[in-house]
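In: generate a structure from the sequence data that follows.
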Amino acid sequence: LVMCTRNRAAFLDGCLQALIRLKADVPFELVLVDNGSTDNTAAILAEFASQQKMPVVLVSEPLPGVSQGRNAGIKAASGDVIAFTDDDCYPAENFLTAVLACFADKNLGYLGGRVLLFDPADLPITIQTLNRTLPLPPHEYMPPGLIHGANFSFRREVLDRIGGFDKHLGPGTPCMAAEDTDLVQRASVAGFAGLYSPGPVVHHHHRRQTAQDEQRILRAYAISRGAYFFKGLCSTSARRLFYWPVLRRFCGHLAY
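Out: Okay, the predicted model is just below:
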């Protein structure tokens with residue numbers, strides 16, 4: 001399980017406590033990536049790692065950007081299945097068990113799960129509450145927002161094939177999101193089947209509670225969707241998948 005963090009020392013305890021409570025039927029490791037923090041994050045992670053019986057791998061990635069951090073985490077991880085969550089999320093105790101249950105299907109290359117709101121006072125945004133299983137065949141268009149980087153997993157062979165995260169997308173870059181959707185889209189284009197399952201659950205404690213918070217995050221998502229669509233239309237292998245989704249969205253804006 002890879003978790004990246006940057007300058008969130010004051011809020012790390014909740015996430016780390018949730019990681020301690022994780023249970024699985026097979027051995028697992030935590031890979032914690034300090035993504036260029038300038039606060040005391042490194043010391044907190046080091047103290048946490050020293051107190052755990054489970055394997056905890058600490059990684060320092062000074063280059064900012066969650067994609068840079070996750071790629072560093074992938075290199076450090078030793079598992080055949082690599083799951084991801086964020087530093088403002090609390091995985092359910094059975095999170096890893098639910099992930100591995102899905103990957104019992106040998107044809108499954110990647111997986112997304114539910115992202116539920118932790119604090120009822122937070123706005124109901126940046127979550128995924130879909131409560132039914134959704135197969136994702138290969139060579140299909142991946143709509144933004146279906147699978148969230150706070151709760152998705154891949155077989156290592158998939159990540160090795162597609163090359164990991166695009167360092168130009170995601171938090172810490174001018175394109176402030178879409179690194180997760182881009183990754184699953186490239187997995188689909190490469191011929192891997194995926195799945196959305198409500199089984200693996202994380203709770204997102206994003207702390208956005210005002211109209212200004214909502215405007216900022218929705219603007220970031222709009223910019224990132226544009227980057228995702230542009231990249232898809234420029235890709236010779238994915239272009240045909242993007243024509244109609246982009247045209248429908250564009251025509252919808254014209255109609256509005």
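In: all strands of the stretch 1-150 of the chain, in order?
Out: Applying DSSP state E, counting those that start in this stretch to the stretch 1-150 of the chain gives strands spanning 2-5, 30-34, 56-60, 81-86, 89-91, 108-117, 134-136.
In: can you add mean neighbour count and mean pLDDT and give those back as CSV?
Out: Yep, even glycine has a C-beta here, placed from its N, CA and C like the rest. Output for the strands of the stretch 1-150 of the chain, formatted as CSV (neighbours: other Cβ atoms under 10 Å; pLDDT from 0 to 100):
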stretch, mean neighbour count, mean pLDDT
strand 2-5, 25, 98
strand 30-34, 24, 98
strand 56-60, 16, 98
strand 81-86, 24, 98
strand 89-91, 24, 98
strand 108-117, 24, 98
strand 134-136, 15, 98
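In: with distance to Phe242 added, can I get the ones you listed in CSV?
Out: Formatted as CSV, the strands of the stretch 1-150 of the chain follow (distance: least, Cβ to Cβ, whole Å):
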stretch, distance to Phe242
strand 2-5, 28
strand 30-34, 31
strand 56-60, 34
strand 81-86, 24
strand 89-91, 29
strand 108-117, 19
strand 134-136, 16
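In: biggest strand in the protein by residues?
Out: strand 193-204 (DSSP state E).
In: what about Gly149, how many residues nearby?
Out: Gly149 has 25 neighbouring residues, counting by other Cβ atoms under 10 Å.
In: equivalent analysis for Asp180, please.
Out: Counted with other Cβ under 10 Å, the neighbours of Asp180 add up to 27.
In: how far off centre is the helix or strand encompassing it?
Out: Following DSSP states H and E, one finds Asp180 within helix 179-189. Relative to its chain's centre, helix 179-189 lies at 11 Å (Cα atoms, centre = their mean, to the nearest Å).
In: and the longest helix for the protein?
Out: As assigned by DSSP state H, the longest helix anywhere in the chain is helix 211-234.
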